[in-house]
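Novice: quick one, fold the following:
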Amino acid sequence: MNQKKYKLRRIHSQKFIKKIDESKFVINYQQELNPPQYEAVAAVDGAYLIIAGAGTGKTRTLVYRVARLIESGYDPNSILLLTFTRKAANEMMRRASVLLDDRCTKIRGGTFHSFANVTLRKYAKAIGLLSSFTILDQGDSADIINLIRSQEGFIDEKRRFPKKDTLNKIISYSINTNKRIEEIVEEDYPHFLPLMDKILDVNKVYIQYKRKNNLLDYDDLLMYLRDFLLSGSAAARSLLSTIQFVMVDEYQDTNYLQAQIVKGLAQHNDNVMVVGDDAQSIYSFRGANFRNIIDFPKLFNNVNIIKIEENYRSVQTVLDFANTIYDHAIEKYTKVLYTRKNGGALPYIVATANENMQSKFIVEKILELREEGLQLNDIAILFRSSFFSFDLEIELAKANIPFQKFGGMKFVETAHIKDVLAFLRIASNPQDIISWFRVLLLHEGVGPKTAQRVLDELATARISISSSPKKDDKNIIQNKNLVDLFVLLYKLHTIKMPPTEKVQMVYDYYHPIFKDKYDDYNKRNKDLEIFLNISENYRSLDSLLADMAIEPVIDSMIDMEGTDKEDEILTLSTIHSAKGLEWHSVFIIHAIDGYFPSARSAEKIETLEEERRLMYVASTRAKQNLFVTYPMNMYDREAGTTFSKPSRFISDISSDKAEGWLVEDEF
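Specialist: Residues are numbered from 1 along each chain as shown. Below you'll find the predicted structure:
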């Protein structure tokens with residue numbers, strides 16, 4: 001009988017330190033990199049935390065390290081590079097290949113989710129899965145949850161139940177943050193607390209449904225991968241024996257699950273390098289955990305911390321401003337950004353009389369910069385929340401300055417603002433059929449057929465908003481919910497009053513409908529209040545509606561891609577959407593305490609500190625000019641005009657770090 005021979009290989013019994021002769025390298029790494037970058041790139045064995053400040057060449061460092069490991073003779077397939085977007089991973093591998101050769105494309109590069117997908121399919125049997133599992137995208141997950149909530153008797157007529165997207169968001173956030181569903185509902189959706197048991201039941205049925213039908217959603221991919229890596233099984237050890245180096249980009253953006261996955265991947269040899277910036281951890285609303293980067297030295301033995309502080313983007317005056325903001329952070333990795341660039345004016349902190357004057361100042365300054373030769377493409381206006389720019393959007397449209405808005409929707413595109421505008425457009429023009437249709441469908445018991453019947457009655461003048469509603473009108477309308485609507489529209493159409501009073505009337509009527517229509521009405525409500533503020537600037541309803549109807553030339557990314565490269569367009573963006581980008585001149589608007597930081601964020605140290613990091617991220621987007629603006633007086637619907645305080649993040653910045661301006665003249 002022939003006995004089969006096996007080759008035995010001990011897994012991670014010891015580390016072999018390669019002697020590296022850099023004279024044989026194609027790339028002169030020391031010449032191409034600054035000292036801290038080179039220190040990170042030359043690192044081989046061990047755990048490393050690279051704190052790479054804004055604009056310090058983080059991607060360059062990762063790319064060069066991939067190339068150097070391969071030049072040192074390590075198998076490309078033993079290098080795992082995890083990023084947050086497939087585009088980022090592909091770009092790094094492409095750049096490394098240009099730098100060295102095609103071996104760089106053979107590393108394992110991708111997102112956490114793509115790596116999880118490949119791993120789970122390969123080791124499905126050991127994990128207890130069928131390798132043919134189907135991955136649900138967010139839309140699929142929401143649809144299944146909707147199927148469950150509608151078929152399992154969760155909905156009744158007495159109490160509104162959360163919509164599918166709300167339930168999906170709560171369940172997903174719970175998994176990614178390791179927070180209990182009860183805690184999330186209490187903090188963000190307190191109006192659903194009486195339905196807690198049913199929400200938990202939906203989650204249980206959802207989990208059972210996925211298991212029964214061999215389905216995995218995005219969160220399952222991470223959970224199964226985490227559990228597999230930490231299982232200690234022979235299959236897991238086999239996988240880990242093939243991975244010699246783990247590299248993670250944007251580590252400050254990792255969530256609870258992803259940090260555990262990183263720990264699992266490097267649990268045997270501790271060869272892990274994470275790159276990030278604690279000062280740019282701003283995505284807690286997506287589940288990102290600031291503590292991951294702060295506590296990284298506790299995860300592994302003898303963690304080496306390397307700080308990369310030389311900035312290649314901004315002038316020193318901008319960096320000094322940003323450094324000052326982050327100096328006051330309670331918990332941080334201390335670093336001081338610096339540059340070898342010369343020149344640069346001090347940043348400006350600009351106070352204006354009110355919000356509309358802030359908008360007009362920005363428009364005038366943009367036109368000045370444009371006359372000085374700066375293209376609109378090189379200018380950005382950044383804000384904490386999407387509604388901060390609503391007044392500015394109107395002024396930009398008046399000045400015929402084209403803009404593209406990122407993060408949140410344009411003012412007139414938000415569904416609830418469209419609803420309010422529809423009431424006002426009918427009052428201004430009773431023949432506006434589109435607005436009539438929208439308003440009618442807002443009401444309970446009114447579908448397309450009923451709406452069309454009412455429109456037919458309007459067309460034949462059997463009912464009208466030009467005269468006071470009559471008793472017979474109730475019989476014609478045939479829907480008690482619409483009787484009050486016609487009373488409101490009659491008043492709006494016939495009674496002379498300032499536009500802001502008409503908006504207030506619509507607000508009062510619409511608010512109960514609004515609360516019933518949107519699960520997140522508490523967040524959307526601020527938009528309605530801002531619209532009330534904007535209406536204060538107008539003396540006639542027609543002029544208000546005319547300004548609201550003006551749109552920029554370009555409305556979508558698709559349009560942008562199809563335009564001539566010489567076309568100019570201004571950028572309006574939330575700070576969250578601007579991370580990783582840069583412009584010659586940057587405006588940060590609405591730097592008011594209670595707005596930035598928001599009043600709610602000031603209630604907790606953790607959220608207040610994240611707001612500070614937001615201001616830091618916004619400041620470091622500027623290459624040359626930085627303007628921080630705030631209106632000294634704000635109009636509030638309940639309190640009237642109130643005196644505002646500058647954001648606490650800028651209130652104590654000294655005159656050698658920023659130049660104060662006061663805009664007094666009318667534009």
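Novice: work out for me the element the residue nearest in space to the middle of the chain sits within.
Specialist: Per Cα atoms, centre = their mean, the C-alpha nearest to the average position across the chain is that of His576, at 4.7 Å. According to DSSP states H and E, His576 maps onto helix 575-578.
Novice: picking up where we left off before, confirm for me that the residue nearest to the centre of the chain is in contact with Ile282.
Specialist: Yes. Counting by Cβ atoms under 8 Å, His576 touches Ile282, with 6.2 Å between them. Every residue, glycine included, has its C-beta placed from N, CA and C.
Novice: okay, now Phe406: neighbour count?
Specialist: Neighbourhood size, Phe406 [other Cβ atoms under 10 Å]: 16.
Novice: give me the mean pLDDT for the helix or strand encompassing Ala89.
Specialist: Taking DSSP H and E as the definition, Ala89 sits inside helix 86-99. Averaged over helix 86-99, pLDDT sits at 77.
Novice: list the contacts of it.
Specialist: The contact list for helix 86-99, computed with Cβ atoms under 8 Å, 6 or more residues apart in numbering, reads 27, 59, 62-64, 66-67, 81-83, 103-105, 107, 109-111, 114, 249.
Novice: kindly recompute the last result at 10 Å.
Specialist: 26-27, 32, 59-60, 62-71, 76, 81-83, 85, 102-111, 113-115, 247, 249-250, 580 (Cβ atoms under 10 Å, 6 or more residues apart in numbering).
Novice: type out the PyMOL command that picks the buried ones from those.
Specialist: Applying 16 or more other Cβ atoms under 10 Å to the contacts of helix 86-99, the buried members can be selected in PyMOL as follows:
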select buried, resi 27+59+60+62+63+64+65+66+67+68+69+70+71+76+81+82+83+103+104+107+108+109+110+111+113+114+115+247+249+250
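Novice: out of the contacts of helix 86-99, name the ones that lie in helices.
Specialist: 32, 59-60, 62-71, 113-115 (DSSP state H).
Novice: before we move on, the earlier item: could you point out which element follows the helix holding His576?
Specialist: That would be, after helix 575-578 and using DSSP H and E, strand 583-588.
Novice: quick one: the helices in the stretch 201-350 of the chain?
Specialist: 218-229, 234-240, 256-265, 290-294, 296-299, 316-327 (DSSP state H, counting those that start in this stretch).
Novice: next, format those helices as JSON lines and append mean pLDDT.
Specialist: Below are the helices of the stretch 201-350 of the chain laid out as JSON lines (pLDDT from 0 to 100):
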{"stretch": "helix 218-229", "mean pLDDT": "93"}
{"stretch": "helix 234-240", "mean pLDDT": "93"}
{"stretch": "helix 256-265", "mean pLDDT": "94"}
{"stretch": "helix 290-294", "mean pLDDT": "94"}
{"stretch": "helix 296-299", "mean pLDDT": "92"}
{"stretch": "helix 316-327", "mean pLDDT": "95"}
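Novice: where does the stretch 101-250 of the chain have low pLDDT?
Specialist: 156-158 (pLDDT under 70).
Novice: returning to that earlier point: tell me what the helix holding His576 is packed against?
Specialist: Applying 3 or more Cβ pairs under 10 Å, 6 or more residues apart in numbering; DSSP states H and E, one finds that helix 575-578 makes contact with strand 379-383, strand 403-406, strand 570-574, helix 605-619.
Novice: burial count for the closest residue to Asn301 other than its chain neighbours?
Specialist: The shortest distance from Asn301 to any non-neighbouring residue, by Cβ to Cβ, 6 or more residues apart in numbering, is to Asp270 (6.2 Å). A count of neighbours around Asp270, defined by other Cβ under 10 Å, yields 17.
Novice: contacting residues for the residue nearest to the centre of the chain?
Specialist: So His576 contacts 282-283, 285-286, 382, 384-386, 406-408, 614, 617-618 (Cβ under 10 Å, 6+ apart).
Novice: if we can go back for a sec, how far off centre is the helix holding His576?
Specialist: With Cα atoms, centre = their mean, to the nearest Å as the basis, helix 575-578 stands 7 Å off its chain's centre.
Novice: still on that earlier bit, quick one: the helix holding Ala89 to helix 58-71, angle?
Specialist: 50 degrees (axes from the mean of the first three to the mean of the last three Cα atoms, to 10 degrees).
Novice: looks like Leu239 contacts Ala116 (just checking).
Specialist: No. Between Leu239 and Ala116 there is no contact under Cβ atoms under 10 Å: 11.9 Å.
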